[in-house]
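J.: what follows is a predicted protein model with its sequence.
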Amino acid sequence: MTLPFDSIDVDALARRLPSEAETLQLIDVREPDEVAIASLPGFQVLPLSQYQDWAAQIHQRFETERETIVMCHHGTRSARMCQWLVQQGFTNVKNLSGGIDAYACQVDPSIPRY
Ligand SMILES: O=S(=O)([O-])[S-]
């Protein structure tokens, strides 16, 4: 089965973040208690459990054509979000493979793991 969105690995994200954080749309779908433990700068937090609070504003807050990268802990919840964004008309959505845990392991060991 072909997924209707791409993925990006943590090394590629790390290379791009310094120069492209402003142009990318970065979404973290983890819960606030997880974000309090570990986070990456530039990501807007839209916890999946609070879907009812943010879903209706998705088109006000984000542009459907702009490259959008979604992150969670290991990549499962973010894949669900990617799927949903595609259903909402987003055309350039990428799932961060392995989530923030992979980022902590492979890119930045100063990020706490949980
Ligand atoms: O964050 S996760 O859904 O991949 S465990």
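T.: Perfect, I can see it now. As the structure is a prediction and not an experimental result, all values here were calculated from the model.
J.: what's the distance between residue 15 and residue 31?
T.: 28 Å (CB to CB, to the nearest Å). All C-beta spots, glycine's among them, are computed from the backbone N, C-alpha and C.
J.: quick one, strands of this protein?
T.: Using DSSP state E, the strands of the chain run over residues 6-8, 25-28, 44-45, 68-71, 93-96.
J.: right, so of the ones you listed, which gets closest to the ligand?
T.: strand 68-71 (8.8 Å; CB to the nearest ligand atom).
J.: quick check: neighbours of that closest one in the sheet, parallel or antiparallel?
T.: Paired with strand 68-71 in the same sheet, following DSSP bridges, are strand 25-28 (parallel), strand 93-96 (parallel).
J.: okay if I get the ones you listed as a markdown table plus distance to residue 81, mean neighbour count and mean pLDDT?
T.: Shown next, in a markdown table, are those (distance: least, CB to CB, whole Å; neighbours: other CB atoms under 10 Å; pLDDT from 0 to 100):
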| stretch | distance to residue 81 | mean neighbour count | mean pLDDT |
| --- | --- | --- | --- |
| strand 25-28 | 7 | 22 | 98 |
| strand 93-96 | 8 | 24 | 98 |
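J.: what about those strands, which gets the closest to residue 41?
T.: Proximity to residue 41 (CB to CB) singles out strand 25-28 among the strands paired with strand 68-71, at 8.9 Å.
J.: wait, residue 7 touches residue 98, no?
T.: No - Residue 7 is not in contact with residue 98 according to CB atoms under 8 Å; the separation is 9.3 Å.
J.: that's all I had, so thanks and see you.
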